[in-house]
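Engineer: Here you go, sequence then predicted model.
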Amino acid sequence: MNKQIRALARGLDVVSAINDANGPLSLGDIHHATGIDRATILRILATLEHKGWIYRGMGDSRYRLTYKLHDLGTHVSVHDAIAHAAAPVLDTLQQHLHWPSDISVYDGDGMAIIETSRRRSPFVLNREVIGYKPSMLQSAMGRAYLAFCDERQLNTILKRLQEKGGKEAKLASDKHYVTRTIEEVRKKGYAVRDPSQSSLPSETDEEFSAIAVPVIVMGDVQASLNIVWMKSAYSDTPIEDYFFKHLKPACEELAKIFQENEIY
């Protein structure tokens, strides 16, 4: 009987644990699932990340399989693939503009933030946003998605919102509000948050603004990418068009990455 390579076996145990989970895992989760000591797991994770098999989310510091393992991992979701591909683009935006960005996808129930550069921003914002679901009709990301999805999907989403009830249902039933909002986004090329919607709870009393642009691959909207900033930083200066000049090429770069890697 051939002798086993223990280090390789442990590495595969870690990959299997991440693959078998229903979501991304923390270091503690992997330790609990495998029984391997944490120091060894950290070395394994560093090796797997270096080789491109896994990645650590910027927004939640949890581990996921990369989109390169689509053919091997049954639990490599498209959302994780988008988050992994988007992370370097978000990081570059944040380094250049200092303000953070989020990327969100439509998950059948609404928009959901799947990656963010908020933890890398020097500014104090709500950094625990992974999994947060912004409003479809009032958030910049939701509006950007709705304005550029096809008519059939738009009608389907509006119908689902109407059936859920609440404020979103009333807005979705208001044809004038929907039409005006979508036309404004299409005209500008980017979406802004409804002024009546308050910012997410944060460690500061500051109010925030955001714009979002859709990531479009082969004519279909795959995600929304935003930039978030403190209103007080530009109280007397219109800044949206300036940020749009940086956000638009970032979305085009993401679209290229998604298409090249068949993430759609």
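Structural biologist: Done, it's in.
Engineer: So which residues of the stretch 51-200 of the chain form helices?
Structural biologist: Using DSSP state H, counting those that start in this stretch, the helices found in the stretch 51-200 of the chain span residues 78-97, 140-148, 151-164, 166-173, 175-188.
Engineer: Residue 210: which of these is closest?
Structural biologist: helix 140-148 (4.6 Å; Cβ to Cβ). All C-beta spots, glycine's among them, are computed from the backbone N, C-alpha and C.
Engineer: what mean pLDDT would you report for the closest one?
Structural biologist: Mean pLDDT, taken over the full extent of helix 140-148, equals 97.
Engineer: ok, back up a step: for the helices of the stretch 51-200 of the chain, which has the smallest mean pLDDT value?
Structural biologist: When those are ranked by mean pLDDT, helix 78-97 comes last with a mean of 89.
Engineer: and it, how far out from the chain's middle?
Structural biologist: 8 Å (Cα atoms, centre = their mean, to the nearest Å).
Engineer: With stretch 224-236 instead?
Structural biologist: For stretch 224-236, the distance to the chain centre is 18 Å (Cα atoms, centre = their mean).
Engineer: mind checking the end-to-end distance for that stretch?
Structural biologist: 27 Å (Cα to Cα, to the nearest Å).
Engineer: what comes into contact with it?
Structural biologist: Contacts with stretch 224-236, where a contact means Cβ atoms under 8 Å, 6 or more residues apart in numbering, come from 86, 89-90, 93, 97, 99-105, 111, 118, 123, 125, 140-142, 144-145, 191, 206-215, 239, 243, 246-247, 250-251, 254.
Engineer: switch to 7 Å and redo it
Structural biologist: For stretch 224-236, the external contacting residues (Cβ atoms under 7 Å, 6 or more residues apart in numbering) are 93, 97, 99-104, 111, 123, 125, 140-141, 144-145, 206-215, 243, 247, 250-251, 254.
Engineer: Just the buried residues of these.
Structural biologist: 93, 97, 99-104, 111, 125, 140-141, 144-145, 208-215, 243, 247, 250-251, 254 (16 or more other Cβ atoms under 10 Å).
Engineer: Let me see the contact set for residue 105.
Structural biologist: Applying Cβ under 7 Å, 6+ apart, we find residue 105 in contact with 79, 82, 112, 114, 223.
Engineer: in the sheet, who's paired with it?
Structural biologist: Residue 105 has these beta-bridge partners by DSSP bridges: residue 112.
Engineer: can you tell me how far it sits from residue 15?
Structural biologist: 24 Å (Cβ to Cβ, to the nearest Å).
Engineer: Can you list the residue ranges for strands in the stretch 1-150 of the chain?
Structural biologist: For the stretch 1-150 of the chain, applying DSSP state E, counting those that start in this stretch gives strands covering 54-56, 63-65, 102-106, 111-116.
Engineer: how about TSV for the ones you listed, with mean pLDDT and distance to residue 19 added?
Structural biologist: What follows is these, written out as TSV (pLDDT from 0 to 100; distance: least, Cβ to Cβ, whole Å):
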stretch	mean pLDDT	distance to residue 19
strand 54-56	89	10
strand 63-65	90	6
strand 102-106	94	21
strand 111-116	92	18
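Engineer: Make TSV from the ones you listed and add distance to residue 181 to it.
Structural biologist: TSV is the format used below for the strands of the stretch 1-150 of the chain (distance: least, Cβ to Cβ, whole Å):
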stretch	distance to residue 181
strand 54-56	35
strand 63-65	34
strand 102-106	16
strand 111-116	15
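Engineer: The nearest residue to residue 185 once chain neighbours are set aside: what's it in contact with?
Structural biologist: Leaving aside its sequence neighbours, residue 185 sits nearest to residue 147 (Cβ to Cβ, 6 or more residues apart in numbering; 3.7 Å). By Cβ under 7 Å, 6+ apart, the contact set of residue 147 is 182, 185-186, 191.
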